[in-house]
Structure formats: C-alpha cells, structure tokens
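A.B. asks: after the sequence you'll find the predicted model.
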Amino acid sequence: HEVVVLGLPLLDVRSAEMYASGHIRGATNFPLDTLLRDEPCHTRTMEMMASSTGLGVAVLATNVRDVACTVAWLRDAQQHVCEDLCLVVDEERWNALRALGFVEEGLTSRRLWRASPALETCIEEIEAFVGEERPWSALDLGCGTGRDAVFLAQRGW
C-alpha cells in the first residue's frame, strides 16, 4: 500500500506472462532474467537512470531470492532501493491486494523515465504548430539515452 501511496517506482520482476495475469496497478514489468542479462549503464538501466522520483525503487517478486538478486543489481547500477518496501507476494497476498483493488491484468507497464521537462511542457503546442497531418519527423541530437526520441515516437512522430 505504501508503494502505491508514495508513487514509488515498483519493479515487478516476474515473467511477462505472470505480470499480464495480474500486477499491482502502476507497476513496471522488468523481468529478472532480462535485468540480469543487461549490464549496468546499458539499455534497461537507462530507464531507471532517468527515473524522475528520486525517492528510490521498490521490488515485487514471488520469492526472496529474486528480490535479493534485483536489489543487488540495482545497487550495482547505483540505484536507491527502498528495501522496506520490497515485496514477496504469495497467493494469499495477491488475493488481499485484489480485494483492495490494487491488482489489474494486462501488459500495461508504468514508464520509469521521462522526456525532458521542456519537451513534455511544450509538446502539445509543438504538435498544434506542425498541424494534424502525420507522420511527423524529428531528429534528437541530444546525445543522451534517446528518451526524447522514444517519447516522440510514442506520440506518432
């Protein structure tokens, strides 16, 4: 409950199939096997590097070993982990979370990163300026992680 109330990023490290069958609303699916294949400062890590909360990350798994592996990986990636809010969820807890309305089904996953604040603030004005006809084109020359380019692509650019 604290994770939901505080708005902390919640990494659900279960498989995509388990995530789709039920997950806490607002969670991000980061399957542990994918996470462990990625080296710190690479693809998936960059999603967390751009996390906007600065408050830390909570982890959800089905066993203590998966939580421990994820916490170790996050520390190696220099991420702050809220260990008190890391959850090992068994069937009884899932049922309680469902009863409270915290569980939803499907692959919807919270995005951990944000586009640059300037782009987020101005995107609707920019789109109004360029007109309704799509597809639009953009070139991201920022030399960062490419999050602005991904943000624009998700909006149909």
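C.D. replies: Arrived safely. Small disclaimer: the values here were computed from a predicted structure and weren't measured. Residues are numbered from 1 along each chain as shown.
A.B. asks: rest of the way, CA atoms for contacts and neighbours
C.D. replies: Noted.
A.B. asks: where does residue 45 land on pLDDT?
C.D. replies: With respect to pLDDT, residue 45 scores 59.
A.B. asks: equivalent analysis for residue 49, please.
C.D. replies: 51.
A.B. asks: do residue 78 as well
C.D. replies: Residue 78 is assigned a pLDDT of 75 by the prediction.
A.B. asks: do residue 114 as well
C.D. replies: Residue 114 is given a pLDDT of 76.
A.B. asks: mind checking how far it is from residue 148?
C.D. replies: According to C-alpha to C-alpha, to the nearest Å, residue 114 stands 8 Å off from residue 148.
A.B. asks: do residue 83 as well
C.D. replies: Residue 83 is 31 Å from residue 148, by C-alpha to C-alpha.
A.B. asks: the two: who's more crowded?
C.D. replies: Using other C-alpha atoms under 10 Å, the more surrounded residue of residue 83 and residue 148 is residue 148, with 22 against 14.
A.B. asks: from what I can see residue 29 touches residue 16, true?
C.D. replies: Yes: using C-alpha atoms under 8 Å, residue 29 is in contact with residue 16, at 6.9 Å.
A.B. asks: who's more crowded, those two?
C.D. replies: Between residue 29 and residue 16, counting by other C-alpha under 10 Å, residue 29 is the more crowded of the two (23 against 14).
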